[in-house]
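**Q** below: sequence and its predicted model.
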Amino acid sequence: MTSLSESDAGSSARPTMRHVAKLAGVAVKTVSRVVNGEPNVAPETARRVLDAARALDYQPDPHAGNLRRSDRRTRTLGLLVSSVDNPFAGAVHRAVEDVAVEHGVAVFASSLDDDPEREREAVAAFLRRRVDGLILTTASTNQAYLEPELRRGTPVVFVDREPRGVETDAVVSDNFGGAARAAEHLLARGHRRFAYLGDLHSLQTARHRRRGFLEALDHAGIPVADVPVIEDLHDPERAREALLRLLDGPNPPTAVFSSQNLVTVGALRALRERGRHRDTALVGFDDVELADLLEPGLTVVAQHPEDLGRIAAERVFAKLNGDGSPSQRIVVSTTLIARGSGEIPPSGM
């Protein structure tokens, strides 16, 4: 293939068909035919074009024929959330849309389902649509694959979870501090036998919550090695089964911390199934719909997803408008809401 200088490649701009054509040593029309899957292109020529496209990280532009604005913006954002089934993600989505509407921008949204492969596929799909910026929740352990896009100047802001392998903005909840506050709240009621029910251990947020909860217990003199820590409870049914096993065991906990809203739903079902919802304390991380209507009401460490989404969207638009400030890690505080379940004392007190 023909060599291509850095100036030809446009290190700060997205590669175009012209760049691919020059690197492959073919005409721009040939690149167009290969990209669009048209027939009558020699296999060897098609291979050279595809190799050049991969080398340049070229993404076809489906809107190219319709773009006439001088800034080449598409007035769209790509938003990747954990799952649209989760009310937390829905609140983030709504907040991003509210900001985007004010700027006359549409939002393409997709669910991550905490699958690293799905993360990369969704991001690639957004980039093929030439979104002006990305707001991402992540599941993969490293986001260095985004480095080419960041070099081109595409604003990327992470929400709920921090990135690894790239330097860019992140807007996250105080997961460690919120979980520590839950432990301190239960300790203040006299509890000494605890259980921790956690989300997927591969998730950064779950690890921070586990660490915050256990470190607070450790500082209070509770032997954390004796605290049941059950993780990878990513849906209500698994959480229900896990807590039922503990409640039916020889030394059941008097206080439970459930570190995610769907896990909390499963914990609630287990406690009620065994008739233990009035004598076993429960604090959940994330609020749960109708939590105040339960008896007793559900005590939670509430995140503020509306703030996470709003701030993330504001950072994207600031970058689109020329803000070149260093990357920021913005931490949104959590709020402990006492409604009754977290205030139940241990039996006998």
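**A** Done, it's in.
**Q** what about the strand or helix carrying Ala52, distance to the chain center?
**A** Assigned by DSSP states H and E, Ala52 belongs to helix 43-56. With Cα atoms, centre = their mean, to the nearest Å as the basis, helix 43-56 stands 34 Å off its chain's centre.
**Q** so which elements touch the helix or strand that it is followed by?
**A** The first helix or strand that comes after helix 43-56 along the chain, using DSSP H and E, is strand 76-81. If you count contacts as 3 or more Cβ pairs under 8 Å, 6 or more residues apart in numbering; DSSP states H and E, strand 76-81 packs onto helix 87-102, strand 106-111, helix 116-128, strand 133-136. Placement of C-beta: from N, CA and C, glycine included.
**Q** ok, now which ones touch the residue of the chain most remote from its centre?
**A** Relative to the average C-alpha location in the chain, and by Cα atoms, centre = their mean, no residue lies farther out than Asn40, which sits at 43.8 Å. By Cβ atoms under 8 Å, 6 or more residues apart in numbering, the contact list for Asn40 reads Arg33.
**Q** so how far is Val20 from it?
**A** With distances taken as Cβ to Cβ, to the nearest Å, Asn40 is found 19 Å from Val20.
**Q** coming back round to it: by contact count, what packs against the helix holding Ala52?
**A** helix 17-24, helix 28-35.
**Q** the residue farthest from the centre of the chain and Arg47, how far apart?
**A** 15 Å.
**Q** so which of the helices and strands packed on helix 43-56 is the most surrounded?
**A** helix 17-24 (a mean of 22; mean count of other Cβ atoms under 10 Å).
**Q** separation between the residue nearest the centre of the chain and Ala122?
**A** Centroid-nearest residue in the chain: Thr137, 2.4 Å away (criterion: Cα atoms, centre = their mean). Distance, Thr137 to Ala122, by Cβ to Cβ: 10 Å.
**Q** next: Leu23.
**A** Noted for Leu23: a distance of 28 Å to Ala122, by Cβ to Cβ.
**Q** what does Val92 give?
**A** Distance of Val92 to Ala122, computed by Cβ to Cβ: 15 Å.
**Q** and Glu295, by the same measure?
**A** In terms of Cβ to Cβ, Glu295 sits 41 Å off from Ala122.
**Q** excluding its backbone neighbours, what's nearest Ser32?
**A** Nearest non-adjacent residue to Ser32, counting by Cβ to Cβ, 6 or more residues apart in numbering: Met17, 6.1 Å away.
**Q** per-residue pLDDT of that neighbour, please?
**A** What the model reports as pLDDT for Met17 is 87.
**Q** of Glu295 and Ala122, which one has the most company?
**A** Ala122 (23 against 9; other Cβ atoms under 10 Å).
**Q** what is the neighbour count of Ala42?
**A** If you count neighbours by other Cβ under 10 Å, Ala42 ends up with 9.
**Q** oh sorry, the question was meant for Glu38
**A** For Glu38, the count of nearby residues is 11 (other Cβ under 10 Å).
**Q** contact partners for Val35?
**A** 17, 49, 53, 60.
**Q** please redo it, this time with the cut-off set to 6 Å
**A** With contact taken as Cβ atoms under 6 Å, 6 or more residues apart in numbering, Val35 is in contact with Pro60.
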